[in-house]
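Participant: following is a predicted model, sequence given first.
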Amino acid sequence: MSGTWYYVFTLVFFFFDYFILAMGLNIQYGETGILNFAYIGFVAIGAYMTGVLSLPSSAGTGQYYILGLSLPFPVNLLLGGLSASAFAVLVALIALRRLRTDYLAMVLISLSLVLYDISNNYVPLFNGADGLYNVPEPFAGALHLNTNSFIPVFAGVTGAIALLLWFVMSRVTRSPAGRTFRAIRDDDVVAAALGKDVFRQQLKSMIIGSFYAGIGGGLLIQFSGSFNPTAWLPGETFVVFAVILVGGVGNNIGLIVGSLLVETLLVHLPAFLPAIPGAPGLIEYFDAVVVGALLMAMLWFRPQGIVPERVRKAARMGARERPADGPGGLVGEDVAALAPAGARAGGRAR
Amino acid sequence: MTSVGPTGTTGTAPREAALRCEGITKAFQGVHAVNGAGFAVPRGLVTALIGPNGAGKTTLVNILSGSMTCDRGQELIGSTDVTNWPSHRIARMGLMRTFQLSRELGGLTVLENLLVAARDQAGEALWNIFLRPGLVRRQERDNIERALDLLETYGLYRLRDSRASDLSGGQKKLLEISRAVMASPSILLLDEPMAGVNPALIERIGGYILDLKRNGVTVLMIEHNLNVVEKICDHVIVLAEGRTLAEGRLSDLRQNEQVVRAYLGEVIDAGTVR
């Protein structure tokens, strides 16, 4: 495989992987309104757990880590995703039940810093600052893949997983559950007054979004074969936020656009460009500036993103067309006919 | 269209209470917003909660609907003690509310605002979405039809696909009431449903409230417009300084010196409070 195709398939992998990450953050922030500034921490949990489940026992490897179960792909990946979800339950029980919006965001960003410091300094967990390396490549043995041929195959596998997760996410967001998430995003007091258990719904959203984060992280470590704290600096959360804010919050098409524009073209493509003579590494450092400037410009000029959230029209939901109503509508017997059985029977709640 | 008219022979004779509260107290940093309020809301009637500004009416509605907890006191829906239950549990008991300043779900369409309120939706459980898609689809179709029926009734059908944030103030009031009705309430708390609404719409909203009463819904409404109270409310509770001052028919309360001094004395021509 030529160098060009190596770059192209690497970009394809990052596009699909960040699409998965963006879907996870979108259901938490875009659909449910949870400002999860610790999102990258859930990605890291997925990556580390997938790694230590893939690696053999640490004895004699020169690394220090827990587990080491040599589990095959995709079992390790699935458990990595579930680990991130399990951690989300813990975080939600502590933080989500009592805190809202800005206070929750502050607690979560602090959590991200704590997770980072633990993984960076507590070596027996995930090998400290060196991180995990020599993580086995999935299918490499069975399909006799070398490093070059592994990249397009795994980019394709990641694409297939992204499509499957997109299908699942679309079903969730278009369902009554998705509508309830958006109601909580718009006004959690009203949602509660309409009988919605806000904490329970937010917990669901955290679990789903964190599972996607864990899967995205697991794919990262399987693709690169290594993962260490430099890969998930707490500021990386804001790159995923940039993906969904630039593409368009609350819709999956916007996430595709955001993943392509921000993550693929602005963050990863420049890493493959020739270095500027006399200033090696300048391009890579510059991408954070470009992403930050783009994020500010979007929030200022087009806060709804490139592809705004679509209005879900009645006809698209399968409603039959009716003649338009007059200024007053119907009353009297018509209302009686519409009244709930409980109300007609004397006002008992169902 | 039903016009707002006298309530006829419906009186305040003792009835079973749909909602009862006793000794409700709520203080904010030592200042008592509600200070021992207690009353019973008769089942199937329209009851007005009136009182001067700062009497604690909205705080009381917030407490009764679970949006706020009380420091002391007891709340009963029927015979169930629901004191300091969270609002989603109180809502599931059949008590719905609207807000003083309309709180629409702005990012959702008018139709979606109503659909959110539908009760016992199978599609809110994730496993049903994947394991029982037929049930979810059928229930959703029924809910859509019922929501569209209500939007027709409340004159909002042509706005079904508009974002709720784009509605006018009056339309938002109608949306809030229709959304609460979509949840099949047995008790409806309306916080100033006529505030900032033009006279024609006041007439319509009054008609809708009377229709709800005819269908067995118990209504408790905060209202400053005494013309409306006189025409559609069977029972009136006067709140002052966080306490229940008096209860009864408005015509009787007009003879009550305490009520006149605390509240009605400020009324100009039996109309809106100054």
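Facilitator: Everything's here; your move.
Participant: got the confidence number for the closest residue in space to residue A:109 that isn't next to it in sequence?
Facilitator: Counting by C-beta to C-beta, 6 or more residues apart in numbering or on different chains, residue A:109 lies nearest to residue A:37, which is 3.9 Å off, once chain neighbours are set aside. C-beta: built from backbone N, CA, C; applies to glycine. Looking at residue A:37, its pLDDT reads 92.
Participant: get me the contact residues on the stretch 151-274 of chain B for chain A.
Facilitator: Proximity of the stretch 151-274 of chain B to chain A, by C-beta under 8 Å from any C-beta of the partner chain, involves residues B:151-158, B:160-161, B:163, B:179, B:183-187, B:204, B:207-208, B:211-212, B:214-218.
Participant: show the buried residues in the residues you listed.
Facilitator: Among these, those scoring as buried are B:151-157, B:160-161, B:163, B:179, B:183-187, B:204, B:207-208, B:211-212, B:214-218 (criterion: 16 or more other C-beta atoms under 10 Å in any protein chain shown).
Participant: residues touching the residue at the greatest distance from the centre of chain B, list them.
Facilitator: Relative to the average C-alpha location in chain B, and by C-alpha atoms, centre = their mean, no residue lies farther out than residue B:131, which sits at 37.4 Å. When the contact criterion is C-beta atoms under 8 Å, 6 or more residues apart in numbering or on different chains, residue B:131 has no partners at all.
Participant: likewise for residue A:210?
Facilitator: Taking C-beta under 8 Å, 6+ apart, one finds A:24, A:28, A:42, A:84, A:85, A:87, A:88 in contact with residue A:210.
Participant: make CSV out of these and add secondary structure and pLDDT.
Facilitator: Formatted as CSV, the entries for these read as follows, by DSSP: H, G, I helix; E, B strand; the rest coil; pLDDT from 0 to 100:
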residue, secondary structure, pLDDT
A:24, helix, 96
A:28, helix, 95
A:42, helix, 96
A:84, helix, 97
A:85, helix, 97
A:87, helix, 95
A:88, helix, 95
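Participant: which residues in the stretch 151-274 of chain B form helices?
Facilitator: B:169-182, B:199-214, B:226-232, B:250-253, B:257-262 (DSSP state H, counting those that start in this stretch).
Participant: contacts for the first one next, please.
Facilitator: With contact meaning C-beta under 8 Å, 6+ apart, helix B:169-182 is reached by A:194, B:96-99, B:102-104, B:110, B:113-118, B:146-147, B:150-151, B:153-156, B:159, B:164, B:167, B:188, B:190, B:193, B:196-198, B:201, B:204-205, B:208, B:212.
Participant: what about burial for those residues, which qualify?
Facilitator: In terms of neighbour count (16+ other C-beta under 10 Å), the buried residues within the contacts of helix B:169-182 are A:194, B:96-99, B:102-104, B:110, B:113-118, B:146-147, B:150-151, B:153-156, B:159, B:164, B:167, B:188, B:190, B:193, B:197, B:201, B:204-205, B:208, B:212.
Participant: any weak-confidence spans in chain A?
Facilitator: For chain A, residues meeting the criterion pLDDT under 70 lie at A:1, A:140, A:324-350.
Participant: domain boundaries for it, per the record?
Facilitator: A:3-301, A:318-350 (automatic domain parsing).
Participant: let's have those domains in a markdown table, adding distance to residue B:85.
Facilitator: Compiled in a markdown table, these are given as follows (distance: least, C-beta to C-beta, whole Å):
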| stretch | distance to residue B:85 |
| --- | --- |
| domain A:3-301 | 11 |
| domain A:318-350 | 13 |
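Participant: alpha carbons of stretch B:95-105, as PDB, please.
Facilitator: C-alpha atoms of stretch B:95-105 as PDB (Å, rounded to 0.1, in the frame of the first residue of the first chain):
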ATOM      1  CA  LEU B  95     -51.800  16.400  39.300                       C
ATOM      2  CA  MET B  96     -50.700  18.600  36.400                       C
ATOM      3  CA  ARG B  97     -49.800  22.300  36.500                       C
ATOM      4  CA  THR B  98     -49.100  25.300  34.300                       C
ATOM      5  CA  PHE B  99     -46.700  28.100  35.100                       C
ATOM      6  CA  GLN B 100     -47.100  31.800  35.800                       C
ATOM      7  CA  LEU B 101     -44.700  32.700  33.000                       C
ATOM      8  CA  SER B 102     -45.300  30.200  30.200                       C
ATOM      9  CA  ARG B 103     -42.600  27.600  30.100                       C
ATOM     10  CA  GLU B 104     -42.800  25.900  26.700                       C
ATOM     11  CA  LEU B 105     -40.300  23.300  25.500                       C
END
